[in-house]
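>>> Structural data only, the sequence is not supplied:
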Ligand code: ATP
Ligand code: MG
């Protein structure tokens, strides 16, 4: 940031006294208040920051409470018995209260891109911030945050809100706007492009013109972000209750293709409309569950995101005479998942059930009688069935097939005996025994 930019930012700082803002202690968690007061009483500056102040200002319930202070991580550790220091790239204190964690970050300094800092506290490569552990003032801390709406500080000393970058006006007008020069800020950390999409979707805001303009061109910077960080980010993008809206914004700004390149490719293909609908339905289903506080699993969502490409690849592989449909599906899954992992890490505990959900689809299409009944108690049946419902809703599977499995779970004996054909008409002949197809994969999953 240039000295002039800094001067402009300083000139824009506003302090809103307690009586003129919405942030009230009765809406802040007791634990967060406890941490704020203890820091304050020990003589440190302490502010509630980030999403907590933003969401309270909007009258929404914050997801969590983050605190910023001039106390060093070691000072914080000395003040709280239940405190752990975490992170190398960005050192933080976590204060634990049972399941609730209050994150306490020490004010960070701004980066001088020309300074040759070799002491290891800051690491910058091609404009990218790799490590950020130089401490600074509250002002500096505020200016290095991403968006104006995330740069509001609630002071425990006098209960005022300090608005460092005109964030309250942007909150009022529904605008996601970066602090500083957008291209520079994306180069420092490309994940900020994803965060812009996330906040726009979550809050129903629009992305400010200057903030959005460089995104399509700079989206490829995401290709260099570590896969594990992208996994964490994808979780926040698609599993936080506004996944469907986020998906649309990600596509609109050319970001989605850098997270799921194979999916983006089939979305632009012949069956793009069906696949688009399918993914939207899956995301809406997840959003609904999240908003009803029902459990959701990334395995289901990743299965949905990869299914379109898996289907198209397995059709191509099955057309090659040497592969049975079951083999083609297995092969397609291996291939597509393998490529996906180069972009976004998927932990084993999710990738294993994700594969099962996909592998169960042809069984749901074929099984009848006793085998169908046995499938009902498969540990992954419920997820695979939900998946089938979404396929049917999008036109990727016959609705009658989905209905049959619905009926079967309600104990309808007729349903299990009368599988329907592609056209929805009951099949005329029922095969007693099904001869295994050549080279067919085992029926029970690993
Ligand atoms: P949420 O409601 O999702 O928790 P949040 O705004 O609190 O939203 P966090 O990811 O918890 O988001 O981050 C807390 C704060 O840290 C943000 O509000 C922002 O000020 C700052 N921040 C987080 N990530 C970045 C980043 N990549 N670049 C700059 N500032 C960031
Ligand atoms: Mg937060």
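Yep, that arrived. Quick caveat, the model's predicted, so the values are computed rather than measured. Ligands and ions are numbered 1, 2, ... in the order given.

>>> The single nearest residue of the stretch 51-200 of the chain relative to ligand 1: what's it in contact with?
Closest approach of the stretch 51-200 of the chain to ligand 1 (C-beta to the nearest ligand atom) occurs at residue 51, with a separation of 2.4 Å. All C-beta atoms are positioned from the backbone trio N, CA, C, and that covers glycine. Neighbour list for residue 51: 62-64, 66, 150 [criterion: C-beta atoms under 8 Å, 6 or more residues apart in numbering].

>>> Make a PyMOL selection of the buried ones in these.
To isolate the buried members of the contacts of residue 51 in PyMOL, using 16 or more other C-beta atoms under 10 Å:
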select buried, resi 62+66+150
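
>>> The contacts of residue 51: which ones sit near ligand 2?
residue 64 (C-beta under 5 Å from the ion).

>>> Can you tell me how far the residue of the stretch 51-200 of the chain closest to ligand 1 is from residue 186?
20 Å (C-beta to C-beta, to the nearest Å).

>>> Residue 408 too?
Distance, residue 408 to residue 186, by C-beta to C-beta: 51 Å.

>>> Residue 82: how many residues sit nearby?
Counted with other C-beta atoms under 10 Å, the neighbours of residue 82 add up to 12.

>>> do residue 268 as well
Residue 268, neighbours per other C-beta under 10 Å, totals 11.

>>> Need the pLDDT of it.
Listed pLDDT for residue 268 reads 95.

>>> repeat for residue 47
For residue 47, the predicted pLDDT is 98.

>>> Which elements pack onto the helix or strand harbouring it?
Using DSSP states H and E, residue 47 sits within strand 46-49. Judged by 3 or more C-beta pairs under 8 Å, 6 or more residues apart in numbering; DSSP states H and E, strand 46-49 is in contact with helix 30-41, strand 66-69, strand 152-155.

>>> Need the three-state assignment for residue 269.
coil (DSSP: H, G, I helix; E, B strand; the rest coil).

>>> Count the residues that sit near it.
Counted with other C-beta under 10 Å, the neighbours of residue 269 add up to 12.

>>> What count of nearby residues applies to residue 234?
Neighbours of residue 234 using other C-beta under 10 Å come to 24.

>>> Could you point out the helix or strand that follows the strand holding residue 47?
Downstream of strand 46-49, the next assigned helix or strand under DSSP H and E is helix 51-57.

>>> Which positions within that next one qualify as buried?
51-57.

>>> can you check stretch 264-272 too?
Applying 16+ other C-beta under 10 Å to stretch 264-272 flags 264, 266-267 as buried.

>>> Can you redo these as CSV, where the extra columns are distance to residue 123?
Formatted as CSV, the buried residues of stretch 264-272 follow (distance: C-beta to C-beta, whole Å):
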residue, distance to residue 123
264, 32
266, 38
267, 37
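
>>> so can I have JSON lines of those residues showing distance to ligand 1?
Converted to JSON lines, the buried residues of stretch 264-272 look like this (distance: C-beta to the nearest ligand atom, whole Å):
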{"residue": "264", "distance to ligand 1": "23"}
{"residue": "266", "distance to ligand 1": "30"}
{"residue": "267", "distance to ligand 1": "26"}
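
>>> Domain map for the protein?
The chain is divided into the following domains under automatic domain parsing: 3-173, 260-417.

>>> want to throw those into CSV with distance to residue 224?
Below are the domains of the chain laid out as CSV (distance: least, C-beta to C-beta, whole Å):
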stretch, distance to residue 224
domain 3-173, 8
domain 260-417, 11
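
>>> which residues sit in contact with residue 282?
300-301, 304-305, 387, 390.

>>> mind listing which of those residues are in helices?
Of these, the ones assigned to helices by DSSP state H are 300-301, 304-305, 387, 390.

>>> Just give me the neighbour total for residue 106.
The tally of other residues near residue 106 (other C-beta under 10 Å) stands at 22.

>>> Residue 363 now?
Neighbour tally, residue 363, other C-beta under 10 Å: 17.

>>> do residue 213 as well
14.

>>> can you give me phi and psi for it?
Taking degrees, to the nearest 10, you get phi -50, psi -50 for the backbone angles of residue 213.

>>> hmm, back to that, who wins on neighbours among the ones in helices among the contacts of residue 282?
In terms of neighbours by other C-beta under 10 Å, the ones in helices among the contacts of residue 282 top out with residue 304 at 28 neighbours.

>>> Run through the residues that contact whatever residue of the stretch 201-350 of the chain ends up closest to ligand 2.
Nearest to ligand 2, among the residues of the stretch 201-350 of the chain, is residue 236, at 9.7 Å (C-beta to the ion). The contact partners of residue 236, by C-beta under 8 Å, 6+ apart, come to residue 198.

>>> In which helix or strand does it reside?
Residue-wise, residue 236 maps onto helix 227-238 under DSSP H and E.

>>> List the buried residues for that helix?
Of the residues in helix 227-238, 230-231, 233-234, 237-238 count as buried by neighbour count, 16+ other C-beta under 10 Å.

>>> Please apply the same query to stretch 171-178.
For stretch 171-178, burial by neighbour count (16+ other C-beta under 10 Å) applies to 171, 175-178.
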